[in-house]
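> please find the sequence and the predicted model below.
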Amino acid sequence: MRADVIIIGGGQQDAALATRLLEAGKKVLLIFEGRKSEDRSREEFRAKGGSLLAGDKVCRVDWAEDGSRVEAIYTEGLEDTALRAEAYVLCSGRFFIRGLLSEEDRVWEPVFGVDVKYLKDSSRWCDPDFFAPQPFDSFGVIPSEDCKALKDGKEVENLYVTGDILCDGIDNTEELCKRII
């Protein structure tokens with residue numbers, strides 16, 4: 001299966017971004033683990049001609065030999081069917097919807113294994129004052145200036161990141177759209 005853009009969603013911006021790219025003439029596939037959308041935006045995306053894999057998740061990634069780009073992804077639901085695109089967008093949210101995972105000593109992004117900013121000292125992840133800003137709110141994937149993911153400090157050519165999964169509350173959606181469209 002081939003698309004211009006494949007969005008791995010779960011965050012609040014996935015369907016809005018997918019619809020925007022669709023309206024710009026891109027063939028877009030949106031994948032997200034959940035089954036329902038509370039705001040109906042994913043159904044609107046589908047009604048406008050977008051392809052939606054609801055209740056599915058990426059289980060494998062094929063990388064170029066040198067690790068510089070994503071060649072294909074595979075989902076649990078489609079098993080051995082390679083999903084290929086010119087561009088992949090990670091827009092999967094953070095902790096509550098499993099876009100980021102953590103253990104007591106590390107935080108990581110589970111789909112592509114891209115670089116994540118977090119405090120190494122886990123005793124500093126939370127402020128004891130429940131109502132204070134929590135340090136873990138700044139954790140997230142580190143984007144390049146071109147809105148691309150970094151893996152081992154190197155930019156991945158065709159993997160973009162946006163939405164809640166980004167570190168420090170960065171909002172790069174407008175810039176990302178310019179780069180993909």
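Everything's here; your move.
> contacts, neighbours, all on C-alpha from now
Will do.
> just give me the neighbour total for residue 178.
Using other Cα atoms under 10 Å, residue 178 is surrounded by 9 other residues.
> oh sorry, the question was meant for residue 129
The tally of other residues near residue 129 (other Cα under 10 Å) stands at 8.
> ok, now the one 10 residues further on?
Counted with other Cα under 10 Å, the neighbours of residue 139 add up to 22.
> so what does the longest helix belonging to the chain touch, helix or strand wise?
Criterion DSSP state H: the longest helix present in the chain is helix 14-23. In terms of contacts (3 or more Cα pairs under 8 Å, 6 or more residues apart in numbering; DSSP states H and E), helix 14-23 is packed against strand 2-8, strand 28-32, helix 41-47, helix 173-180.
> just how off-centre is the second one within its chain?
To tie it back to what came earlier, the one meant is strand 28-32. 11 Å (Cα atoms, centre = their mean, to the nearest Å).
> which of the residues in it are buried?
Buried residues in strand 28-32, defined by neighbour count with 16 or more other Cα atoms under 10 Å: 28-32.
> before we move on, what about the longest one?
Buried residues in helix 173-180, counted by 16+ other Cα under 10 Å: 176-177, 180.
> which elements pack onto it?
helix 14-23.
> which residues are contacting the helix it packs on?
Applying Cα atoms under 8 Å, 6 or more residues apart in numbering, the contact partners of helix 14-23 are 7-9, 27-30, 41-42, 45, 48-50, 91-92, 163, 173, 177, 181.
> what of stretch 158-177?
11-14, 17, 21, 69-70, 86-94, 99-100, 116-117, 137-143, 146-149.
> so which of those residues are in helices?
In helices, defined here by DSSP H, the members of the contacts of stretch 158-177 are 14, 17, 21.
> buried subset of the contacts of stretch 158-177 as a ChimeraX selection?
A single ChimeraX command selects the buried members of the contacts of stretch 158-177 (16+ other Cα under 10 Å):
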select :11,12,13,14,17,21,69,70,86,87,88,89,90,91,92,93,94,99,100,116,117,137,138,139,140,141,142,143,147,148,149
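> dump the ones in helices among the contacts of stretch 158-177 into CSV; add distance to residue 169 and pLDDT as well.
Putting the ones in helices among the contacts of stretch 158-177 into CSV (distance: Cα to Cα, whole Å; pLDDT from 0 to 100) gives the following:
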residue, distance to residue 169, pLDDT
14, 16, 86
17, 17, 89
21, 23, 92
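> between these, which is nearest residue 125?
residue 14 (27.0 Å; Cα to Cα).
> quick check: that closest one vs residue 112, distance?
Residue 14 sits at a distance of 17 Å from residue 112 (criterion: Cα to Cα, to the nearest Å).
> same check on residue 85?
15 Å.
> over to residue 87?
14 Å.
> who's in contact with residue 144?
150, 155.
> residue 30 too?
By Cα under 8 Å, 6+ apart, residue 30 lies in contact with 6-9, 14-15, 18, 50-53.
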